[in-house]
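**Student:** Starting from these lines, generate the structure:
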Amino acid sequence: MVVLAACGPSTSAGSASAGASGRSTTSARATTTAKVPATPPMTLVGLKAKLTAGSSSVTSAHITMSGKVRGQSFLDLQGDETLADGKLTAMRLNEKIAGLSLAMVIVDDTLYVKLPINARVNGKPWMKATEDSVDPSIRQLAASIKTLRQSASMSQYETLTESASLFRTVAVERLHGVEVTHYSMMVDITKNPSAAISDVMRKSLKKLGITKIPVDLWVDGQGRTLRVAERFRVKGETMSIEVTMTRINRPVTIKAPAASQVSTTDRARTA
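**Tutor:** Here you go, the predicted structure:
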């Protein structure tokens with residue numbers, strides 16, 4: 001999800017070098033409580049195993065995501081998701097990006113988008129996104145459902161370690177009252193196997209000279225990723241993306257909108 005958000009604005013060739021230290025200076029709002037233990041040192045292999053175990057234990061979470069350029073917000077997202085073995089099963093989101101508001105629900109392999117009042121058909125507030133929809137933006141959303149599901153899954157974080165370098169353990173900190181370990185790494189997105197990064201995305205970023213992104217993770221004692229942050233350069237300006245997971249494993253029910261409240265773009269054009 002973090003990488004997906006980072007692909008929104010156009011990026012410059014200077015981005016990769018801007019993050020070459022492998023450190024994200026995005027404010028974590030976490031309090032350092034202890035220095036990194038001298039032994040045993042964490043490795044990327046060990047971190048992957050820890051994240052795999054942690055993601056499989058998460059059944060639900062509340063997500064918030066923010067994105068800023070020059071200190072100005074361009075992305076504000078929050079919602080809830082349910083998971084099984086670290087993979088997304090359902091999600092509901094409210095998002096503001098570039099001044100536009102969007103509400104979405106994902107259940108299994110189906111994506112529903114809430115329409116603004118002036119775009120609703122017969123008063124139906126929801127639209128089912130399909131790859132044969134007339135509206136090209138809705139078609140694009142429907143075609144990207146697999147990527148959307150992967151990018152919202154907890155299991156995506158363990159794949160980051162498979163193409164990472166400059167890995168280090170930063171410190172033991174406290175986040176929302178929970179003790180977490182802060183890790184930093186540089187992720188090569190051209191080599192990362194995650195399905196959350198599509199081939200189109202990789203090619204677009206490579207064309208802009210972006211091959212590596214600094215990523216910071218805050219992981220609790222159970223291996224659950226509670227915060228992710230990125231900070232790099234976008235057209236000569238600093239861009240930061242931050243995702244936070246809270247309310248882990250609290251009861252959440254997410255259902256598809258009632259059929260009577262759902263329309264399709266095809267029907268919208270022929271109604």
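
**Student:** By residue count, which helix of this protein is the longest?
**Tutor:** Assignment by DSSP state H gives helix 44-56 as the longest helix of the chain.

**Student:** chain center to that one, what's the gap?
**Tutor:** 18 Å (C-alpha atoms, centre = their mean, to the nearest Å).

**Student:** So Val172 sits against Tyr183, correct?
**Tutor:** No - checked against C-beta atoms under 8 Å, the pair Val172 and Tyr183 is beyond contact range at 10.9 Å. From N, CA and C alone the C-beta is placed, and that goes for glycine too.

**Student:** which of the two has more neighbours?
**Tutor:** More crowded of Val172 and Tyr183, by other C-beta atoms under 10 Å: Tyr183, with 25 against 16.

**Student:** partner residues bridging that one?
**Tutor:** Note on Tyr183: beta-bridge partners Thr169, Leu217, judged by DSSP bridges.

**Student:** dump the residue contacts of it.
**Tutor:** Taking C-beta atoms under 8 Å, 6 or more residues apart in numbering as the contact definition, Tyr183 lies against Met42, Leu47, Phe167, Arg168, Thr169, Val170, Asp216, Leu217, Trp218, Val219.

**Student:** if we go to 7 Å?
**Tutor:** Neighbour list for Tyr183: Leu47, Thr169, Val170, Asp216, Leu217, Val219 [criterion: C-beta atoms under 7 Å, 6 or more residues apart in numbering].

**Student:** just curious, which of those is nearest to Asp109?
**Tutor:** Asp109 has its nearest neighbour among these in Leu217, at 28.2 Å by C-beta to C-beta.

**Student:** Gln156 is in contact with that closest one, correct?
**Tutor:** No - using C-beta atoms under 7 Å, Leu217 is not in contact with Gln156, being 11.4 Å away.

**Student:** about what we covered before: with the contacts of Tyr183 in mind, which one is nearest to Tyr112?
**Tutor:** Nearest member of these to Tyr112, counting by C-beta to C-beta, is Leu217, at 30.8 Å.

**Student:** Tell me which residues touch that closest one, please.
**Tutor:** Tyr157, Tyr183, Thr225, Val228.

**Student:** Among these, which lie within strands?
**Tutor:** When strands are assigned by DSSP state E, the members of those inside them are Tyr183, Thr225, Val228.

**Student:** Which per-residue confidence value corresponds to the last one?
**Tutor:** Translated: Val228. Looking at Val228, its pLDDT stands at 93.

**Student:** So in terms of bridging, what pairs with the residue nearest to it when sequence neighbours are not counted?
**Tutor:** Excluding its sequence neighbours, the residue lying closest to Val228 (C-beta to C-beta, 6 or more residues apart in numbering) is Val243, at 4.6 Å. Taking DSSP bridges as the rule, Val243 bridges to Met65, Val228.

**Student:** With distance to Arg149 as extra columns, can I get the contacts of Leu217 in TSV?
**Tutor:** Below are the contacts of Leu217 laid out as TSV (distance: C-beta to C-beta, whole Å):
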residue	distance to Arg149
Tyr157	15
Tyr183	25
Thr225	17
Val228	17
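
**Student:** out of those, which one sits closest to Phe74?
**Tutor:** For these, the residue nearest Phe74 by C-beta to C-beta is Val228; the value is 17.5 Å.

**Student:** Give me the neighbour count for the closest one.
**Tutor:** 24.

**Student:** which ones are touching it?
**Tutor:** Counting by C-beta under 7 Å, 6+ apart, Val228 makes contact with Val2, Tyr157, Val215, Leu217, Val243.
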